[in-house]
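Chemist: Structure for this input, please:
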Amino acid sequence: MAVVVGLDQPLVVVEWPFGEFEMPRRDKALEDYIVTLDVYVIQLGWVIRMFDGQSWHLIVGPRVTRRPGGNILVDMDRIVVSESGPLEGEVPIHGAKNSVLKLMAASLLAAGEYELTNVPGIVDVALMAELLEAMGAEVELAPPVCRILVPEIVRPEAPYELVERMRASIVVLGPLLARNGFARVALPGGDDFGPRPIDMHLDALRHLGAEFDTRHGNIEGRADQLLGTEVLLEYPSVGATENLLMAAVLAKGETTIENAAREPEIADLAEFLGAMGACISGAGTSTIVVEGTEELHATNHSVVPDRIEAATFLAALGVAGGELTLAGARSDHMEMLLRKLSDMGMQICRTQTGIWAAVDGRLDAVDVATLPYPGVATDYKPFVVSMLAVANGVGIVTENIFGGRFRYVDELRRMGAEIRTEGHHAVVRGRERLSGAPVRAHDIRAGAALVVAGLAASGRTEITGVDHIDRGYTDLVGSLRAVGADIERE
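Modeler: Got it, this is the predicted structure:
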């Protein structure tokens with residue numbers, strides 16, 4: 001429930017009257033509704049859809065406009081964590097956020113009805129559903145199932161008001177170009193941890209014959225006919241590989257992608273495209289070969305499990321101790337991380353249905369460097385830093401993928417963590433426990449890492465900015481509470 005607070009005189013505290021309620025589909029009329037409170041005008045600027053396991057809830061969030069008489073702050077939900085452990089039980093691992101969004105985008109390649117299963121109930125999926133709807137598709141979202149009806153003609157435009165909330169929106173560029181010969185996509189937004197240039201996406205698609213202009217904040221791409229060729233990526237970018245892969249399936253002739261990203265989500269996308277009728281070999285390796293086809297068709301697919309979500313619960317176990325089974329987790333998708341966790345002292349065993357892990361006492365510090373897959377993913381790094389903050393010894397964490405992704409370190413320092421950053425490196429000296437404090441999440445994984453740190457902190461840790469966490473996790477609070485964590489959402 002949002003609370004609107006006016007800072008200037010007279011002081012006004014008003015509970016938002018629409019807060020939360022059930023509704024099967026988005027109601028655009030809500031976004032146009034205006035409520036006037038004395039000198040304040042509050043316009044409903046966005047609607048977040050959250051899934052609680054049974055039904056969707058619309059969380060109405062105000063866009064606040066300042067009028068003469070005062071500034072307005074908006075205070076949203078927070079997660080409150082207390083020192084916990086040991087954790088014990090089974091945690092279901094949902095479908096991968098980093099896969100399902102690309103599968104939804106790939107549906108734009110062909111008309112028809114698609115059914116995706118093992119779909120996580122997260123905000124980013126709802127945002128992608130809105131983006132597809134803006135292009136003319138019909139989306140029925142009831143996780144773990146998502147049905148998409150793509151029309152014969154789609155609007156090849158991705159508007160700013162949707163794209164700026166999610167960087168992954170850029171992956172509609174390849175499918176739109178391949179099917180329509182034209183695409184207009186707003187420059188992307190998303191997490192607040194520094195720039196992730198899209199030049200590699202554009203350069204890769206230029207090799208197939210696309211031409212681009214950037215004007216008025218939009219990327220406009222054109223291609224009368226994409227032509228297969230050999231493309232050597234300067235860096236194994238996941239997004240560039242995905243965009244190129246989705247464009248190449250409808251290109252004329254053969255496309256070879258060298259230095260391609262090797263992530264499991266790439267292989268999942270290739271499997272989905274193959275079920276649509278594409279001819280792809282080598283997905284999951286550094287060389288992918290695509291034989292273009294003239295026509296694709298709709299299909300059904302089950303989303304690969306989320307290795308980043310699995311890593312989150314392993315990190316929680318690492319700081320709180322105990323024994324967890326991660327149902328559905330794929331150990332073969334996170335081998336390097338599991339090796340590092342084993343070196344730290346975590347017991348890990350692959351099971352027929354997932355991963356079993358146990359921790360007894362404090363873990364030992366190790367050095368970790370992020371690298372493209374199959375190395376340690378950059379998304380794992382915040383969890384590693386949280387674990388090292390309460391481990392025995394000193395560990396050095398090196399970020400080799402993105403710059404500016406140590407912003408959450410200041411929040412961990414507020415909790416008493418001994419961390420020194422130097423460029424791309426963080427030196428972490430472990431302490432027996434941290435100290436609860438108010439902290440703020442600045443992106444999805446950093447927010448979850450602060451939750452993890454709170455499990456090893458005396459007192460009360462309050463995390464705000466939880467809208468970031470909602471973008472990537474299906475009820476993180478409920479899942480942790482179910483295995484013994486002292487955690488609530490307020």
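Chemist: now the helix or strand encompassing D203: mean pLDDT?
Modeler: Following DSSP states H and E, one finds D203 within helix 199-207. The average pLDDT within helix 199-207 is 94.
Chemist: export that helix as CSV, just CAs?
Modeler: Provided in CSV are the C-alpha atoms of helix 199-207 (Å, rounded to 0.1, in the frame of the first residue of the first chain):
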residue,chain,number,x,y,z
ASP,A,199,26.0,-1.5,-29.9
MET,A,200,26.8,-5.2,-30.2
HIS,A,201,23.1,-5.9,-30.9
LEU,A,202,23.0,-3.4,-33.7
ASP,A,203,26.4,-4.4,-35.2
ALA,A,204,25.4,-8.0,-35.2
LEU,A,205,22.2,-7.3,-37.0
ARG,A,206,23.9,-5.0,-39.5
HIS,A,207,25.9,-8.1,-40.6
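Chemist: So what's the residue count around the nearest residue to L324 once chain neighbours are set aside?
Modeler: For L324, ignoring the flanking residues on the chain, the nearest one in space by Cβ to Cβ, 6 or more residues apart in numbering is L317 at 5.1 Å. C-beta: built from backbone N, CA, C; applies to glycine. L317 has 29 neighbours, counted by other Cβ atoms under 10 Å.
Chemist: For N118, see how far away L317 is.
Modeler: Applying Cβ to Cβ, to the nearest Å, the value for L317 to N118 is 23 Å.
Chemist: The closest residue to I79 other than its chain neighbours bridge partners, please.
Modeler: Distances taken as Cβ to Cβ, 6+ apart put I463 closest to I79, at 4.4 Å, once the chain neighbours are dropped. Beta-bridge partners for I463, by DSSP bridges, are I79, V439.
Chemist: same check, this time on L434
Modeler: A457.
Chemist: my guess is it meets I419, correct?
Modeler: No. The pair L434 and I419 does not pass the contact test of Cβ atoms under 8 Å, sitting 11.1 Å apart.
Chemist: what about the strands in the stretch 51-200 of the chain?
Modeler: 56-65, 72-75, 79-82, 87-92, 112-117, 138-142, 145-150, 157-158, 182-186 (DSSP state E, counting those that start in this stretch).
Chemist: Out of those strands, which is closest to T325?
Modeler: Of all those, strand 87-92 sits nearest to T325, with 4.4 Å by Cβ to Cβ.
Chemist: domains in the protein, as residue ranges please.
Modeler: 3-76, 80-94+305-489, 97-302 (automatic domain parsing).
Chemist: Where do the helices of the stretch 101-250 of the chain begin and end?
Modeler: Ranges of helices within the stretch 101-250 of the chain are 123-134, 160-163, 173-180, 199-207, 238-248, based on DSSP state H, counting those that start in this stretch.
Chemist: weakest of the ones you listed in terms of mean pLDDT?
Modeler: helix 160-163 has the lowest average pLDDT among those, namely a mean of 86.
Chemist: still on that earlier bit, ok, the residue nearest to L324 - contacts?
Modeler: Contact partners of L317, counting by Cβ atoms under 8 Å, 6 or more residues apart in numbering, are 87, 323-324, 346, 357-359.
Chemist: let's go with 7 Å and repeat that
Modeler: 87, 324, 357, 359 (Cβ atoms under 7 Å, 6 or more residues apart in numbering).
Chemist: what kind of secondary structure is it in?
Modeler: Assigned with DSSP: H, G, I helix; E, B strand; the rest coil, L317 falls in the helix class.
Chemist: do you know how far it is from M346?
Modeler: Taken as Cβ to Cβ, the span from L317 to M346 is 7 Å.
Chemist: Overlap in contacts, these two.
Modeler: With Cβ under 7 Å, 6+ apart as the test, L317 and M346 both reach 357, 359.
Chemist: Identify the residue spatially nearest to T353, adjacent ones excluded.
Modeler: T353 sits nearest to A327 (Cβ to Cβ, 6+ apart), 5.6 Å away.
Chemist: and the one you found, how many neighbours?
Modeler: 15.
Chemist: Contacts only, for it.
Modeler: A327 neighbours (Cβ under 7 Å, 6+ apart): 90-93, 353-354.
Chemist: In terms of model confidence, name the weakest of these.
Modeler: Scoring the contacts of A327 by pLDDT puts T353 last, at 93.
Chemist: That one - how many residues pack around it?
Modeler: Quick note: T353 (other Cβ under 10 Å) scores 12 neighbours.
Chemist: Could you find the closest non-adjacent residue to D124?
Modeler: Closest residue to D124 apart from its sequence neighbours, by Cβ to Cβ, 6+ apart: R471 at 4.7 Å.
Chemist: The one you found contacts G121, doesn't it?
Modeler: No. At 11.6 Å, R471 and G121 do not qualify as touching, with contact defined as Cβ atoms under 7 Å.
Chemist: Name the residues linked to the residue nearest to T353 by a beta bridge.
Modeler: Beta-bridge partners of A327, as defined by DSSP bridges: P92, G354.
Chemist: on that earlier part again, which of the helices of the stretch 101-250 of the chain sits closest to E265?
Modeler: Between the helices of the stretch 101-250 of the chain, helix 238-248 lies closest to E265; by Cβ to Cβ that is 7.0 Å.
Chemist: Which other helices and strands does that closest one contact?
Modeler: Applying 3 or more Cβ pairs under 7 Å, 6 or more residues apart in numbering; DSSP states H and E, one finds that helix 238-248 contacts helix 173-180, helix 199-207, strand 254-258, helix 264-275, strand 287-291.
Chemist: Could you report the distance from the residue positioned nearest the centre of the chain to E309?
Modeler: Of all residues in the chain, the one closest to the mean position by Cα atoms, centre = their mean is G472, 4.5 Å from it. G472 sits 8 Å away from E309, going by Cβ to Cβ.
Chemist: Could you find the closest non-adjacent residue to the residue nearest to the centre of the chain?
Modeler: Nearest non-adjacent residue to G472, counting by Cβ to Cβ, 6+ apart: I444, 3.9 Å away.
Chemist: Could you report the pLDDT at P144?
Modeler: Per-residue pLDDT puts P144 at 95.
Chemist: Need phi/psi at it.
Modeler: For P144, the backbone dihedrals (degrees, to the nearest 10) come out as phi -90, psi 20.
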